[in-house]
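Participant: Return atomic coordinates for the entry below.
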Amino acid sequence: MEAALAKKPRSKVLERAVFALACAPIAWLGVAALTGRLTADPIAFLLNQLGLTALQVLLASLACTPLQQVFGWKWPLRLRRMLGLFAFFYACAHFLTYSVLDQGLAVGEIWKDVVKRKFITIGMATFAILLPLAVTSTNKMVKRLGFHRWKLLHRLVYLAGALAVVHFYWRVKKDHTEPLVYGAILALLLGVRLVSFMRMAINDRAKRSSLAG
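Facilitator: Sure, this is the predicted structure:
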């Protein structure tokens, strides 16, 4: 009982620390905007920084379950939802910077970009996937959808991660080292999940065989 009570304050401290870290990029960009330090092309700078932060936080959310599976840690799972919502927040900021500041909400021009520029097509597809995941992230939505259907829906986050990496890769014109690094991280995380899934399937099969025997 005492150990459980001791864990709760530590858990809150961890969650608050991660919350503060997740807020840091947007706070830094806000200060940079107010002090005129967004480089000579502020809109492009904002687009790049917000998009990169969205990808980083999305990968951090995807790392929570593999960390638990590999090391047996429980604390990453408590951060998974918050990180996922922060990833969506930065994706929204990235999208709004493009659609409002860069394109001035010119729907026709935005549509032309979506059709003609493949990295924008992929970016919009990524955002379209993240939107329903964010909307259904609450406990009420889990109950409303049913856990099985909710879980199937939220597995789309892996597709969103893959599309986000492709979006970044196609956005970069010359040196693709950075997007390839993020792609390798995503591949590692997916590999851990795949190995864990295969182990569970083998164990389930073994249990069924023993019961049948």
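Participant: Grab the longest helix from this protein for me.
Facilitator: Ranked by residue count under DSSP state H, the longest helix found in the chain is helix 177-212.
Participant: where's the residue nearest to the spatial centre of the chain, which helix or strand?
Facilitator: In the chain, the residue lying closest to the centroid (Cα atoms, centre = their mean) is residue 58, at 1.9 Å. Assigning secondary structure by DSSP states H and E places residue 58 in helix 42-71.
Participant: Could I get the buried residue list for that helix?
Facilitator: For helix 42-71, a neighbour-count test (16 or more other Cβ atoms under 10 Å) marks 42, 45-69 as buried. For the C-beta atoms, the positions are set from N, CA and C on the backbone; glycine is no exception.
Participant: Repeat that for stretch 130-141.
Facilitator: Buried positions in stretch 130-141, judged by neighbour count with 16+ other Cβ under 10 Å: 130, 133, 136-137.
Participant: That one: end-to-end distance?
Facilitator: Length of stretch 130-141, first residue to last, Cα to Cα, to the nearest Å: 15 Å.
Participant: And it, how far out from the chain middle?
Facilitator: Mean C-alpha position of stretch 130-141 versus that of the full chain (Cα atoms, centre = their mean, to the nearest Å) differs by 13 Å.
Participant: what does the average pLDDT come to for that stretch?
Facilitator: For stretch 130-141, mean pLDDT rounds to 95.
Participant: and if you look at stretch 92-109?
Facilitator: pLDDT averaged over stretch 92-109 gives 96.
Participant: measure that stretch end to end?
Facilitator: One end of stretch 92-109 to the other measures 19 Å (Cα to Cα).
Participant: Can you mark which positions in it are buried?
Facilitator: Buried-residue list, stretch 92-109, by 16+ other Cβ under 10 Å: 92-95, 97-99, 102-103.
Participant: Low-confidence ranges, this protein, go.
Facilitator: 1-9, 204, 206, 208-213 (pLDDT under 70).
Participant: quick one: contacts of the helix or strand that contains residue 93?
Facilitator: Residue 93 belongs to helix 75-96 when assigned by DSSP H and E. Applying Cβ atoms under 8 Å, 6 or more residues apart in numbering, the contact partners of helix 75-96 are 11, 14-15, 18-19, 22, 25-26, 47, 50-51, 53-54, 57-58, 60-61, 63-65, 67-68, 123, 126-127, 130-131, 133-134, 137, 157.
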